[in-house]
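Asks: build me a model:
(2 chains)
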Amino acid sequence: MCIRDIYKLSPKAIALCPQSLGLVPTLSAFHNIYMGQLHQRTPFRHLLNLCWPQTSAWNNVSSIAKHVGVQELLRQPVSSLSGGQQQRVALARCLLQAQSKAVSTFIGDEPVSSVDQKHGGLLLEQLKEQFSTVIVAIHDRQLALQHFDRVIGIQRGSVVFDELSGNLTLQDLSAVCREQ
Amino acid sequence: MPRLQKQEGVLCRSFFRKIPLSLPTKTTLMLVGVSIVCLFYADVEVAMTSPWSELQRLMLGALTPSYPSMSELFQAVVLTVQFAVVGVMVGVLFGFGFACVYQWAPVRWFCALIRAIHELFWALLLIAVIGVSPLAGLLAIAIPYSGIFAKVFYEMLLQANPDPDWVLKEKAGVISRFVYGRLAQMAPRMARYIRYRLECALRSSAVLGFVGLPTLGYHLESAVKEGHYSEAWLLMYVLLALIGSKKWWFNRRTWLGLTVLACVFFPFSDGVSLQNLGQFFTEELVPSPLRGVDFGNDSFQSMLSLLAPLLLPWFQMLWFNEILPGVINTLVLTMLALVATWVCVLVLLPPQSMWFAGKNLRFVGQGVALVVRSLPEIVLAFIVMLLVGPSMLPAIVALAVHNGGVISHLLQHQIDELRLREDHPKGLLLFCYEIMPRISTQFMSFWLYRWEVIMRETAILGLLGIPTLGFYIDSAFEDIRYDRALLLILTAAALNLFIEALSGRLQKKLYNKHR
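Replies: This is a model prediction of the structure:
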């Protein structure tokens, strides 16, 4: 079972951040983040925002962009951003989805892998604030222990351990995570 | 006071929130702007006569296709295929030769010139030189196609990964390095391009019938003119079937045998007469006021002073009566058809794609696209003309639908290969947010490339009476005024080179930006 399969169980309730991020490289960061609310409101409004961003949409998106630290980059096409910045944009898209009450779960595949550990942690905290459930595939042992309640170790497709993070040490995680 | 400041802040933000337009968007807007200006000069009047009875007969013909003489039909099919296959192969041969020395500027100019002249003009010229003969038709395809192949092959070889060539450096000879290092990489792409070109050549070959060579188009034209729509439709179905079944009769197993067969049975010497050859170049191509003028042994200076008063009125007359209106109409038609093509792509693309039509229904969309891109523009234009009367409108619609079919077919492959995130939007929003932005650069480059093709194709619509340069060229040939025809053809070629250069520049800019 991969992340996509989990997503398919309840697409309406889940905000997804795939490893490939799923950004549109030619669109601006603003538009990419804005795409998080395409399932709400009327298509007409979305087409208008595509051609001519409206103030309300802009303010909303830029407030979220501020949380993840890309508010300065909103006008730039995503293709011109670095890997870390692109990840932040993809996370902002997910955070925007959290504004709708129906979406309560975040699922991400290595969502902060291109960001340094400290900022990665801050981003994970943002996600935890906005979503009631956060499920993440991650290789960073420290982040896994510090920010999550429950850690499942998977090796070659089978579960090695399934514990509360309080009961685990970095050493336990080394069994399934290669040294960073 | 604080309130006022806040207001200012909002204003400021809304002023700066505009996102800079991307290059494809800017280019599109610019071209749309130009074509809106063109709209004022265009004759797009809809003259509704009562087309319904004619249209009814046309539709009836579509349902009851028939042809009186099967042997005539068979001969026409064979000749059409022969022109296309031999023409393309000769074109490949020379084109490849030119591609090898393409970095040499005179070769580049020469190739640009020969491909800037439409097949139909080449046919008219060659018929005037060597008579109505299959050889003229063959050369009419082979000459412009070698210019096209030269450019495309050269660009493909440049795109080959240089590493293999680099590794072989100092170790292998020039030829083996070229063959192993570059040609081998690009051979599959070149083969694919040749197959695609054969499709175009079949269409060109059919259209050559309109100037008197007995291919499918020849019988098609007479059937349409005489109102035998059943025959016309059968001929169109045959053409569609030929193009649609191309991959079964022209593939990696059959191409060599087919080419040899087509060459062996090609009636090279039929109808060729070289009697007029000398007269053609020494007399008929000379501007009419200069014919029979004896220059004697005058110096260059005095010759020039003798020539100018003779040539100037002739040129002025041609400039104001034919060249200028021809150029304006050609440009207006090209720009309008270009923008209409853009619209057609947006309409034709979604029904062909898995994302919108689903796995089963997309074949309907693909079928429609196949039909509109296989029918020659002149046939499409004729059908529309029955509906809306003679004006520029049928030409615009025909060019737009045809080219829209071509571009949307090319883009369809790309969008079906896109890998989107699981939670992508659906329908219109999917198209506008996910698909269009991703393919816009590619779309733009196909579109700009078709700009020049559309301009070349406006030529054949001149045969329908739309006063583009093609119309004046055709009339000059009909009046046996080859001097005028040559000048007009060269004007058309110059116009084409201009558009090619312009679109090439835009494409380059786009490509650099994209990288």
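
Asks: up against chain B, what does chain A have?
Replies: A:4, A:7-8, A:11, A:14-16, A:18, A:20-22, A:24-28, A:30-31, A:35, A:38-39, A:43, A:46-47, A:50, A:52-53, A:55, A:58-59, A:74-75, A:77 (C-beta under 8 Å from any C-beta of the partner chain). Just so you know, the C-beta spots here come from the backbone N, C-alpha and C atoms, and that holds for glycine as well.

Asks: repeat the analysis, applying 7 Å as the threshold.
Replies: Neighbours of chain B within chain A, by C-beta under 7 Å from any C-beta of the partner chain: A:4, A:7, A:11, A:16, A:18, A:22, A:24, A:26-28, A:30, A:35, A:38-39, A:43, A:46-47, A:50, A:53, A:55, A:58, A:75, A:77.

Asks: ok, of those, which come out buried?
Replies: Among the residues of chain A next to chain B, those classed as buried by 16 or more other C-beta atoms under 10 Å in any protein chain shown are A:7, A:16, A:18, A:22, A:24, A:26-28, A:30, A:35, A:38-39, A:46, A:50, A:53, A:58, A:77.

Asks: pull the residues that contact stretch A:51-61.
Replies: Residues external to stretch A:51-61 that are found in contact with it (C-beta atoms under 7 Å, 6 or more residues apart in numbering or on different chains): A:30, A:33-34, A:48-49, A:74, A:96, B:14, B:17, B:19.

Asks: show me the buried ones among the residues of chain A next to chain B that map onto strands.
Replies: Of the positions in these, residue A:16 sit in strands, assigned by DSSP state E.

Asks: what sits against the one residue in chain A that gets nearest to chain B?
Replies: Of all residues in chain A, residue A:22 sits closest to chain B, at 2.6 Å by C-beta to the nearest C-beta. Counting by C-beta under 7 Å, 6+ apart, residue A:22 makes contact with A:90, B:420-421.

Asks: among these, name the ones in helices.
Replies: residue A:90 (DSSP state H).

Asks: JSON lines for the contacts of residue A:22, including distance to residue B:398?
Replies: Below are those laid out as JSON lines (distance: C-beta to C-beta, whole Å):
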{"residue": "A:90", "distance to residue B:398": "45"}
{"residue": "B:420", "distance to residue B:398": "35"}
{"residue": "B:421", "distance to residue B:398": "40"}
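
Asks: now that we have the contacts of residue A:22, which one has the most neighbours?
Replies: residue A:90 (26 neighbours; other C-beta atoms under 10 Å in any protein chain shown).

Asks: and residue A:39, its phi and psi?
Replies: Dihedral pair for residue A:39: phi -80, psi -10, per degrees, to the nearest 10.

Asks: cool, and residue A:175?
Replies: Per degrees, to the nearest 10, the backbone of residue A:175 is at phi -60, psi -40.

Asks: so, low pLDDT: which residues of chain A?
Replies: By pLDDT under 70, the low-scoring segments of chain A are A:1, A:177-180.

Asks: ranges for the strands of it?
Replies: A:14-17, A:105-109, A:133-137, A:150-155, A:158-164.

Asks: could I get the phi/psi values of the residue in the stretch 51-200 of chain B that chain A sits nearest to?
Replies: At 20.8 Å from chain A, residue B:159 is the closest residue in the stretch 51-200 of chain B, using C-beta to the nearest C-beta. Torsion angles at residue B:159 (phi, psi; degrees, to the nearest 10) stand at phi -80, psi -10.

Asks: how many other residues sit next to residue B:358?
Replies: There are 9 residues near residue B:358, going by other C-beta under 10 Å.

Asks: check residue B:135 too.
Replies: Using other C-beta under 10 Å: residue B:135 sits among 17 other residues.

Asks: so where does it fall, helix or strand?
Replies: Here residue B:135 sits within helix B:134-159, counting by DSSP states H and E.

Asks: so which bits of that helix are buried?
Replies: Going by 16+ other C-beta under 10 Å, helix B:134-159 has these buried residues: B:134-154, B:156-157.

Asks: how far off centre is that helix?
Replies: Taking C-alpha atoms, centre = their mean, to the nearest Å, one finds the center of helix B:134-159 at 13 Å from the center of the full chain.

Asks: tell me which helix or strand comes right after that helix.
Replies: helix B:163-168.

Asks: contact partners of that next one?
Replies: B:177, B:180-182.

Asks: what about residue B:432, neighbour count?
Replies: Neighbour tally, residue B:432, other C-beta under 10 Å: 17.

Asks: over to residue B:480?
Replies: 10.

Asks: residue nearest the middle of the chain, spatially speaking?
Replies: As the question left the chain open, I've gone with chain A. residue A:91 (3.6 Å; C-alpha atoms, centre = their mean).

Asks: nope, chain B please
Replies: residue B:453 (3.5 Å).

Asks: gap between it and chain A?
Replies: 25 Å (C-beta to the nearest C-beta, to the nearest Å).

Asks: can you tell me the element the nearest residue to that residue once chain neighbours are set aside falls in?
Replies: Leaving out its chain neighbours, the residue that sits closest to residue B:453 by C-beta to C-beta, 6 or more residues apart in numbering or on different chains is residue B:403, at 7.1 Å. Take DSSP H and E as the rule and residue B:403 turns out to sit in helix B:392-417.

Asks: so which elements touch the helix or strand following that helix?
Replies: Heading C-terminal from helix B:392-417, the first helix or strand you meet, by DSSP H and E, is helix B:427-429. With contacts taken as 3 or more C-beta pairs under 7 Å, 6 or more residues apart in numbering or on different chains; DSSP states H and E, helix B:427-429 sits against helix A:43-51.

Asks: convert the C-alpha atoms of the helix it packs on to CSV, please.
Replies: Extracted in CSV, the C-alpha atoms of helix A:43-51 (Å, rounded to 0.1, in the frame of the first residue of the first chain):
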residue,chain,number,x,y,z
PRO,A,43,-15.0,27.7,-11.6
PHE,A,44,-15.6,31.3,-12.9
ARG,A,45,-13.9,32.8,-9.8
HIS,A,46,-10.9,30.4,-10.3
LEU,A,47,-10.6,31.3,-14.0
LEU,A,48,-10.7,35.0,-13.1
ASN,A,49,-7.9,34.5,-10.5
LEU,A,50,-5.9,32.6,-13.1
CYS,A,51,-5.9,35.7,-15.3
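
Asks: chain center to that helix: distance?
Replies: 24 Å.

Asks: then stretch A:9-18?
Replies: 11 Å.

Asks: how about the residues of the stretch 351-500 of chain B that lie near chain A?
Replies: So the stretch 351-500 of chain B meets chain A at B:420-423, B:425, B:428-429, B:432-434, B:437-438, B:440-441 (C-beta under 7 Å from any C-beta).

Asks: of these, which is the nearest to residue B:130?
Replies: residue B:441 (45.1 Å; C-beta to C-beta).

Asks: what strand or helix carries that closest one?
Replies: With DSSP H and E as criterion, residue B:441 is part of helix B:436-461.
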